[in-house]
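Asks: what's the 3D shape of this:
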Amino acid sequence: MIALDAEQQAARDWFEGLRDRICAAFEAIEREAGSDARFAYTPSQRIDADGTDGGGGMKGLMKGRVFEKVGVNVSTVAGRFAPDFARTINGAAEDPRFFATGISLVAHMANPHVPAVHMNCRFLVTTKRWFGGGADLNPPLPYAEDTEDFHTALRAACEAHPDAGDYPRMKTWADDYFWIPHRKAHRGVGGIFFDHLEGDFASNFAFVRDVGDAFLDVFPRIVRRRMGMAADDAARAAMLAYRGRYAEFNLVYDRGTLFGLKTGHDPEAILMSLPPVATWA
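Replies: Numbers count the residues shown, from 1 in each chain. You can find the predicted model right below:
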């Protein structure tokens, strides 16, 4: 077992509690749609390069009538970065030891009118301590109302914490980060993205909690708004083509994918972000 200090334990406990609330909310939507789909949970374990316990996590996966594939993973891991990778991580060049705990969620929806979504929050400790994360909406068929509601919720979370949350900066950061250079297109309609949020733990942690709560409030509302809409073959084809671009971004550019693979975490947990079906013309 990894020994945790008070801040690490508080972050871990909250991320795991958020996982439970999100999974319950998504299962409730499936029941409303007449489905008995439930999350299946699988533990994952990380062994550090020297053979010591590197922690692990729990993978939650559901395939249902509304959520074609949704993964909600939590993990708490520790160990040492490889020297070359350590130089790319905030505070790790001086000492490669690290601790990380967090939640990562990606949902790919069965109805093309319902947007896919990504959300993650994490707390990392090297020689520095910081939070990172964000959330972004990824609709194959965008609706201005959904985009506005999603951004309004995240803006409110930022504005409630002026010492930690900077909505204009974090929105721009998301727009820049979720850009697919070879496609010259954004992955979706944006959200917020933040990293290396250092300083007062209590203030930053309060902001991160509000980001998670804002996501849990707004996304189920958007799902319920769209999940009953009729979808024809053209809409389905548009969704599958969009998913191809989503997969390209996650495999080529996404930092979280690289971090997980470079630190020896469970590849099934890392690659749960990929859509179940996609097409390339």
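
Asks: from now on I want contacts and neighbour counts done on CA atoms only, so please keep to that.
Replies: Will do.

Asks: show me the shaky parts of this protein.
Replies: 1, 46-53, 264-265 (pLDDT under 70).

Asks: tell me where it has strands.
Replies: Under the criterion DSSP state E, the chain contains strands at 40-47, 53-62, 67-80, 97-109, 116-125, 129-138, 179-180, 185-186, 190-197.

Asks: okay if I get those as a markdown table plus mean neighbour count and distance to residue 172?
Replies: Listed next are these as a markdown table, based on neighbours: other C-alpha atoms under 10 Å; distance: least, C-alpha to C-alpha, whole Å:
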| stretch | mean neighbour count | distance to residue 172 |
| --- | --- | --- |
| strand 40-47 | 16 | 34 |
| strand 53-62 | 21 | 31 |
| strand 67-80 | 24 | 26 |
| strand 97-109 | 23 | 21 |
| strand 116-125 | 23 | 17 |
| strand 129-138 | 23 | 12 |
| strand 179-180 | 18 | 11 |
| strand 185-186 | 15 | 12 |
| strand 190-197 | 22 | 8 |
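
Asks: tell me which of these lies nearest to residue 152.
Replies: strand 190-197 (9.6 Å; C-alpha to C-alpha).

Asks: isn't residue 167 right next to residue 158, touching?
Replies: Yes - assessed by C-alpha atoms under 8 Å, residue 167 is found in contact with residue 158 at 5.5 Å.

Asks: tabulate the strands of the chain (a markdown table), appending distance to residue 25.
Replies: Shown next, in a markdown table, are the strands of the chain (distance: least, C-alpha to C-alpha, whole Å):
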| stretch | distance to residue 25 |
| --- | --- |
| strand 40-47 | 15 |
| strand 53-62 | 12 |
| strand 67-80 | 12 |
| strand 97-109 | 13 |
| strand 116-125 | 15 |
| strand 129-138 | 17 |
| strand 179-180 | 30 |
| strand 185-186 | 28 |
| strand 190-197 | 21 |
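
Asks: tell me how far residue 230 lies from residue 113.
Replies: Residue 230 is 8 Å from residue 113, where distance means C-alpha to C-alpha, to the nearest Å.

Asks: so for those two, which sits in the more crowded spot?
Replies: Using other C-alpha atoms under 10 Å as the criterion, residue 230 and residue 113 rank with residue 113 on top: 23 against 10.

Asks: near residue 207, how many other residues are there?
Replies: Close neighbours of residue 207, defined as other C-alpha under 10 Å, add up to 22.

Asks: same question for residue 262.
Replies: For residue 262, the neighbour count with other C-alpha under 10 Å is 13.
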